[in-house]
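*Asks:* Return atomic coordinates for the entry below.
(2 chains)
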Amino acid sequence: MNVVTKSKVAGLILAIPIIFFGLENSYSVYLFLIVMLSVGIPHGSVDHIIAFINPKARKFNNKFLFYLTYLSLITFNIILWIISPFIGLFVFLIISCYHFGETQVIGYNPTDNKLLNFVVGANILLSLFLNNIVELQEILYIIPEFSNFDLSSFDSVFFLLIAVAVLMLSILNFEIKRKVPLYAEITILYMVFFHTDLLTSFALYFGFCHSLPMLMLEFEEFKNDNFIKFYLKTLPFTILSIIFGFLIYQFNNDLLTSDNLILFVFIIISSLTLPHVFIMRDFVKDK
Amino acid sequence: MLNFILAGTIEPGDFTGFTFFIGSVSMLAATVWFLMQHGQVDKKFKDSMLVAALITGIAAVHYFYMREQWVAGLGSPTELRYIDWILTVPLMVVEFALLTGVGMKKLFWLSVVMLVTGYFGESGVTGMLDAQTWGAVSGLAYFWMAYEVGCLSIFGGPSGAVGNALASGSGKIPEAGKMLQWFVLVGWAIYPVGYMAGTEGWYSFVAIDEGAMNIIYNVGDAINKIGFGMAVWHAARS
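*Replies:* Residues are numbered from 1 along each chain as shown, chains lettered A, B, ... in the order given. The predicted structure follows:
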């Protein structure tokens, strides 16, 4: 069993008792925070090393140029969110679809089929949102474009059915080396999404199907025998990211001072994700 | 959120509740069995065994929920059944493609039509057409699927590409294929019956008590899902 599969099995082992016993909504915030702080942010905190570790993937002449590009993308994203939360969310979703899909197909197909990566990621996010549509609407009420949707006449089964149907029909037309196992894994994800709230669903998916597998692949790439030593390397930028999030939270803006923690988290994640996606594109080329 | 550990006790004489209990534990046991066999079978059948375990695993989760709902007196767990079917029916269809290497596209399309129109008819969510019309479309997709996997060939009738591939497969695949065809033809037929019992139409005479209906579904589900996996395991043993 490779590290990617091991990470996903660990997530499933955690998800099953959550589905059976139920997790109070108040605890899902803690689960989310634990996952984000332990693997979510750290998996992107070695981008500055990853970008230079593989000469074939190197795109930056020096570290200064790397940091300049990285920070510019983060700044650009924050400005985008402040100017138009709708466009900010749209860009985040497009980028995330590609990035999540790229990680998801590792082990099932080479990652060079960009359309497949995007479609797989789009399916996962679509299911995550459709299966928690009421919560999503409550979170996104602040964005005018979403505030007028009335989905109360549809029940949750309808959305699950739509998500599964879209998945079946969308992956049919792709040449995928291990199509059935990929489909089967996404089916498990859909079940988890259906039976857990939005934050728990996202924490389980993001933590164990995305961040932890990537963190383990990064550890392998470092060829470092000691995982603790490798993990310590992620800490400086993890701490910086937390400080960055805290500063953004303090920033006096109509959108950010609205007492909407999840939307705020969206902005932070999207800001950290944007530059990270470009680094990971090179990293997963041969995976 | 339901909690199966705190679930109420099944009342004496509640046979429906008992079948929910049997359904949940038998699905769980089958999952463990298929996962154990996963390591024993030839490499080309490993995915099939994993999918078989996944089908019963997903069903076990939902049967625990359904049992809880039934025991709590919250009525027939129709919504949970649909969740289970939506997730597991495509996986059952996939078993044919795994055994034969053909027909996935067509079978996926047909199962989407069968599930979506069946749901539209039973829920009335679209506000268009009546349950019997949606049911007819859903039934048509089911019969087409039955033809495609070669159910009619049991009686010497024509067969689709998947059925032909099953018949010409190596080892015990033709034998397992026959079992799967019987499951689709007879086992899956309980679902249209359940649909007719739960909706209004020319078939209203089919209507039966919800307890009896759930017994039929529970027994049918257990036979179909575990049986599907056992048929695949039978082929894999060779």
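
*Asks:* Tell me if I'm right that residue B:213 and residue B:77 touch.
*Replies:* No: the pair residue B:213 / residue B:77 is not scored as a contact, 11.2 Å apart, by CB atoms under 8 Å. Every residue, glycine included, has its C-beta placed from N, CA and C.

*Asks:* in which helix or strand would I find residue B:95?
*Replies:* Counting by DSSP states H and E, the element that carries residue B:95 is helix B:78-100.

*Asks:* do the same with residue A:186
*Replies:* Residue A:186 belongs to helix A:179-195, assigned by DSSP H and E.

*Asks:* C-terminal to that helix, what's the next element?
*Replies:* helix A:198-205.

*Asks:* could you dump that following helix to PDB, C-alpha only?
*Replies:* The C-alpha coordinates for helix A:198-205 follow below in PDB (Å, rounded to 0.1, in the frame of the first residue of the first chain):
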ATOM      1  CA  LEU A 198     -20.000  20.900   5.400                       C
ATOM      2  CA  LEU A 199     -17.000  21.700   7.600                       C
ATOM      3  CA  THR A 200     -16.500  18.100   8.600                       C
ATOM      4  CA  SER A 201     -16.800  16.900   5.000                       C
ATOM      5  CA  PHE A 202     -14.300  19.500   3.900                       C
ATOM      6  CA  ALA A 203     -11.900  18.700   6.800                       C
ATOM      7  CA  LEU A 204     -12.100  14.900   6.000                       C
ATOM      8  CA  TYR A 205     -11.600  15.400   2.300                       C
END
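
*Asks:* other SSEs contacting that helix?
*Replies:* helix A:3-21, helix A:25-35, helix A:114-130, helix A:133-139, helix A:179-195 (3 or more CB pairs under 8 Å, 6 or more residues apart in numbering or on different chains; DSSP states H and E).

*Asks:* hmm, the second one in reach of chain B?
*Replies:* No: taking CB under 8 Å from any CB of the partner chain as the criterion, helix A:25-35 and chain B are apart, separated by no less than 9.5 Å.

*Asks:* ditto for the shortest one
*Replies:* No: contact check for helix A:133-139 against chain B, using CB under 8 Å from any CB: none in range, with a minimum separation of 13.9 Å.

*Asks:* Put the alpha carbons of that helix into CSV.
*Replies:* Output in CSV follows, covering the C-alpha atoms of helix A:133-139 (Å, rounded to 0.1, in the frame of the first residue of the first chain):
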residue,chain,number,x,y,z
ILE,A,133,-26.4,23.0,0.0
VAL,A,134,-28.4,24.5,2.9
GLU,A,135,-25.3,25.2,5.0
LEU,A,136,-23.6,26.6,1.9
GLN,A,137,-26.4,29.0,1.3
GLU,A,138,-26.3,30.2,4.9
ILE,A,139,-22.5,30.8,4.5
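
*Asks:* And that helix, what does it pack against?
*Replies:* helix A:198-205.

*Asks:* C-alpha coordinates for the helix holding residue B:95, PDB please?
*Replies:* Provided in PDB are the C-alpha atoms of helix B:78-100 (Å, rounded to 0.1, in the frame of the first residue of the first chain):
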ATOM      1  CA  THR B  78     -37.500   5.600   1.800                       C
ATOM      2  CA  GLU B  79     -35.000   8.500   1.700                       C
ATOM      3  CA  LEU B  80     -32.200   6.300   3.200                       C
ATOM      4  CA  ARG B  81     -33.000   3.600   0.700                       C
ATOM      5  CA  TYR B  82     -32.600   5.900  -2.200                       C
ATOM      6  CA  ILE B  83     -29.300   7.200  -0.800                       C
ATOM      7  CA  ASP B  84     -28.100   3.600  -0.600                       C
ATOM      8  CA  TRP B  85     -29.300   2.700  -4.100                       C
ATOM      9  CA  ILE B  86     -27.900   5.900  -5.700                       C
ATOM     10  CA  LEU B  87     -24.500   5.000  -4.400                       C
ATOM     11  CA  THR B  88     -24.600   1.200  -4.900                       C
ATOM     12  CA  VAL B  89     -26.500   0.600  -8.100                       C
ATOM     13  CA  PRO B  90     -23.800   2.100 -10.300                       C
ATOM     14  CA  LEU B  91     -21.200   0.100  -8.500                       C
ATOM     15  CA  MET B  92     -23.200  -3.100  -9.200                       C
ATOM     16  CA  VAL B  93     -23.300  -2.200 -12.800                       C
ATOM     17  CA  VAL B  94     -19.600  -1.600 -12.700                       C
ATOM     18  CA  GLU B  95     -19.100  -5.300 -11.800                       C
ATOM     19  CA  PHE B  96     -20.200  -6.300 -15.200                       C
ATOM     20  CA  ALA B  97     -17.700  -4.000 -16.800                       C
ATOM     21  CA  LEU B  98     -15.000  -5.300 -14.600                       C
ATOM     22  CA  LEU B  99     -15.700  -8.900 -15.500                       C
ATOM     23  CA  THR B 100     -16.100  -8.300 -19.200                       C
END
